[in-house]
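[1] Structure of the sequence below:
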Amino acid sequence: MSVASFFRSRRSKKDIPRDVDSGILIFDTTSEVISAEKVLKENGWQIRVMGPPPEVQTGCDLVIEFPHMEELDILRTLREAGVSPKEVVPVSSPLLRPVDLFNIKDFGGHLMVRAANMKITVDKKSLAIVNISGGGCPDVPYLASEMTGKNLFQAPSPNDIGHTLCAYALQLAYEEIMKRCSQ
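    Residues are numbered from 1 along each chain as shown. Reported below is the predicted structural model:
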């Protein structure tokens, strides 16, 4: 196996293994995080959008966790796409570990997934979306009106109908609840 194919195969994995040293990319704005995530995923990088640890929180409430040993190549990929982080921090202590964005709650007949500040709840039998809540963005009522009452697998994707941090967080919750309801 060539060195290039070794790294390509490593980049195609879904999750960053916990035994791998990681780093976090810190950006000024959420839109920069979303752009960087898109660029890195399109290029096959093994990354995860997380909440920032309190020690490095600067206003944007998202960071990108990545395998630290691939920092130079990841930064080159971002630079070539015109998206650069404000800061790169190695995760050298438990206090710098990024915060998981998801919280899952099973209410018996209903399942709720929270990602960051947005929540989506579905009826487990019918898979109807019964509630969308959270956030403070102006498109939250619109997202809720367009999705509530529809079958989870037939509702519009939040990223297709919203353009704010709340829509992005709802998209993460939507993808997670779809994954859990299709098992």
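
[2] Toward the C-terminus from the helix or strand bottoming out on mean pLDDT in the chain, list the very next helix or strand.
    For the chain, counting by mean pLDDT, DSSP states H and E, helix 3-11 ranks last in confidence among helices and strands (a mean of 42). Later in the chain than helix 3-11, the nearest helix or strand by DSSP states H and E is strand 22-26.

[3] got the contact list for residue 149?
    Contacts for residue 149 (CB atoms under 8 Å, 6 or more residues apart in numbering) come out as 128-130. C-beta: built from backbone N, CA, C; applies to glycine.

[4] Using TSV, lay out these together with secondary structure, pLDDT and distance to residue 92.
    Output for the contacts of residue 149, formatted as TSV (DSSP: H, G, I helix; E, B strand; the rest coil; pLDDT from 0 to 100; distance: CB to CB, whole Å):
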residue	secondary structure	pLDDT	distance to residue 92
128	strand	97	46
129	strand	98	41
130	strand	98	43
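
[5] from those residues, which is closest to residue 110?
    Within those, distances to residue 110 taken as CB to CB reach their minimum at residue 130, with 6.4 Å.

[6] does that closest one really touch residue 109, like I thought?
    No. In this structure residue 130 lies outside contact range of residue 109 using CB atoms under 8 Å: 9.6 Å.

[7] Between these two, which contacts overlap?
    By CB under 8 Å, 6+ apart, residue 130 and residue 109 have these common neighbours: residue 123.

[8] Show me which of the two is the more surrounded one.
    Taking other CB atoms under 10 Å, residue 130 and residue 109 do not tie; residue 130 has more neighbours (15 against 11).

[9] For that one, give me its contacts.
    110, 121-123, 148-149.

[10] And those, which of them are buried?
    By neighbour count, with 16 or more other CB atoms under 10 Å, the contacts of residue 130 hold 121-122, 148 as buried.

[11] Could you list the low-pLDDT ranges of this structure?
    Along the chain, the parts satisfying pLDDT under 70 run over 1-20, 57-60, 93-99.

[12] dump the residue contacts of the residue nearest the centre of it.
    Residue closest to the average C-alpha location in the chain (CA atoms, centre = their mean): residue 49, at 4.1 Å. The neighbourhood of residue 49, defined by CB under 8 Å, 6+ apart, consists of 33, 37, 62-65, 101, 172.

[13] one more time with 10 Å, if that's ok
    Applying CB atoms under 10 Å, 6 or more residues apart in numbering to residue 49 gives the contacts 25, 30, 33-34, 36-37, 40-41, 62-65, 98, 101, 115-116, 168-169, 172.

[14] Narrow those residues to just the buried residues.
    Among the contacts of residue 49, those scoring as buried are 25, 30, 33-34, 36-37, 40, 62-65, 98, 101, 115-116, 168-169, 172 (criterion: 16+ other CB under 10 Å).
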